[in-house]
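S.K.: requesting a structural model of the entry that follows:
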Amino acid sequence: MEKLSLLVSTGNLGDNIIEKGSFYEGAKRDIDCFAADAGTADAGPTFLGADKPHNPVEWEEHDLEVMLVESLKKDAPMIVGSCSTTGTDSAVDRYAELIRKIAKKHGLKPFKMARIYSQVDKEELARRMEKGDTEPLGAPYALTRQVLEETSNVTASMGVEQIMHALEEGAQVIMAGRACDDAVLAAYPIFRGFPRGISLHMGKAAECASLVCWPQMIKESIIATVYHDSFTIEPMHPAQRATPHSVAAHSMYERVDSFTQAVPGGILDMHGSEYTAVTDRITRVSKSKFIPSPDGSYKVKLEGAGEVGKRVYHLVGIRDTRAIENIDKILEDTRKKVSDIIGPSRDDQYELYFHVYGKNAIMKDLEPVERTQSHELAIVIEVVSKDEELATSVAKCAKFRFFYMSYPGQMNSSGGSVALLTDEPLYPKNKCYRWTIDHLLKLDDPLDDKIFRFAFETVGK
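M.R.: Next up, the predicted model:
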């Protein structure tokens, strides 16, 4: 096989819908595999912690439907990784049920579907931890029993090996739990004998579909074609271009080191990668390498989230320029007054945050602009507590104090500086969660059946 083409139509399946125009344009070509990542940690820890879907089921079904029908027409495998954002076991089951529903709706011919589960049992993880098989990745602390007790759900991010095993078993449709983004796309080329370095770099560059191209468009399809010495990226939307700049930029983003990417079993090395324009719309990438772990180890990333409490919000708007000039002092005074009213003895029972949009809500203490030029500010008051009544009282108290703030040059009284979107407290549907586990787990076998589990079935008439 000299080359292999993948149709990549979305970088987050179900998070807004695939644009059908460019998808069907790509489906006219000789496509060997339909692949899509459906996961992200960008959505925060809530959906993993609560084990709830991030996207509307209608959007997920839409994307799965267009991919499934076309992949079966071409007798090409369909691979979806990190089902329903989080890749938990229930998320895999939810996608599998949608596949069955779609197959029945269209009367599709029988096909073999694999479900790959990657949610990790906490007791099993505790045993591995006590053996010394875990280590911190992004977390600034070691994994402990206490951390596990504070964690609601844990997943392990699979690499290409687990997806390749499903392919070896004859699966034509694969619904995978939490997976490395690049592995979802790279698994099939590697399975068919293409170089691991080239395939992994293709997966890294193409995992967000049309976001690797310029100008930026979302949910448009691209074709990634893998050769034995390189790969190419071509957008299917006529207004987009895959340029050396756009492909290199997407290869390097979200990295601590722009030229390397750790994967289970080794590292993708992009130091020597070359980006060449084939046409004004197609770019070729070559000389990317896979470097196995020096000690031969195979480590997978663990993601865990745990419940912190309930959240309550109030929204306050300020337009008085004198209040804006003194906002830091106003926030300090408000925090102190809230503590006095609620009671200093309860300070450790809640967390009070002020997110000041128009000043530093995005970057907080890292914001380099010290003096805002905004003519108005939006202050999001956020309170987190295990006691929802306490959280509501704290949030209401903070909101109330803004009506009676005092600052130099003040020319009004009693609420004249404040505007409210609503006087009602706002309660998110889900509880508040935090990331608890960002660690590595060493495996003796990539197919360790206590971590990755497989189920196969025949779907269709």
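S.K.: would you map the helices across this structure?
M.R.: Under the criterion DSSP state H, the chain contains helices at 20-27, 46-50, 57-73, 89-106, 122-130, 145-149, 160-168, 181-191, 196-206, 244-252, 321-325, 327-342, 388-403.
S.K.: weakest of these by average pLDDT?
M.R.: Comparing mean pLDDT over these, the weakest stretch is helix 321-325, at a mean of 92.
S.K.: so how far is that one from its chain's centroid?
M.R.: Put simply, helix 321-325 sits 38 Å off its chain's centre (Cα atoms, centre = their mean, to the nearest Å).
S.K.: ditto for stretch 229-247
M.R.: Using Cα atoms, centre = their mean, the offset of stretch 229-247 from its chain centre is 23 Å.
S.K.: for stretch 275-292, same thing?
M.R.: Averaging C-alpha positions (Cα atoms, centre = their mean) puts stretch 275-292 25 Å from its chain's average.
S.K.: show me the contact partners of it.
M.R.: Contacting residues not belonging to stretch 275-292 are listed as 195-198, 200-202, 205, 229-235, 240-248, 251, 263, 265-270, 272-274 [Cβ atoms under 8 Å, 6 or more residues apart in numbering]. For every residue, glycine as well, the C-beta is placed using N, CA and C.
S.K.: which of these are buried, as a PyMOL select command?
M.R.: Entered in PyMOL, the line below selects the buried ones among these, by 16 or more other Cβ atoms under 10 Å:
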select buried, resi 195+196+197+198+200+201+202+205+230+231+232+233+234+235+240+241+242+243+246+247+248+251+263+265+266+267+268+269+270+273
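S.K.: about what we covered before: adding distance to E351, write the helices of the chain out as JSON lines.
M.R.: Compiled in JSON lines, these are given as follows (distance: least, Cβ to Cβ, whole Å):
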{"stretch": "helix 20-27", "distance to E351": "44"}
{"stretch": "helix 46-50", "distance to E351": "16"}
{"stretch": "helix 57-73", "distance to E351": "33"}
{"stretch": "helix 89-106", "distance to E351": "29"}
{"stretch": "helix 122-130", "distance to E351": "25"}
{"stretch": "helix 145-149", "distance to E351": "19"}
{"stretch": "helix 160-168", "distance to E351": "38"}
{"stretch": "helix 181-191", "distance to E351": "32"}
{"stretch": "helix 196-206", "distance to E351": "37"}
{"stretch": "helix 244-252", "distance to E351": "35"}
{"stretch": "helix 321-325", "distance to E351": "24"}
{"stretch": "helix 327-342", "distance to E351": "11"}
{"stretch": "helix 388-403", "distance to E351": "9"}
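S.K.: of the ones you listed, which is nearest K364?
M.R.: Among the helices of the chain, the nearest to K364 by Cβ to Cβ is helix 327-342 (12.6 Å).
S.K.: list the contacts of the closest residue to A50 other than its chain neighbours.
M.R.: Ranked by Cβ to Cβ, 6 or more residues apart in numbering and with sequence neighbours excluded, the top spatial neighbour of A50 is N430, at 4.8 Å. Contact analysis of N430 by Cβ under 8 Å, 6+ apart lists 46-47, 50, 52.
S.K.: and which of those residues is nearest to S345?
M.R.: Nearest to S345 out of the contacts of N430 is T46 (Cβ to Cβ; 29.9 Å).
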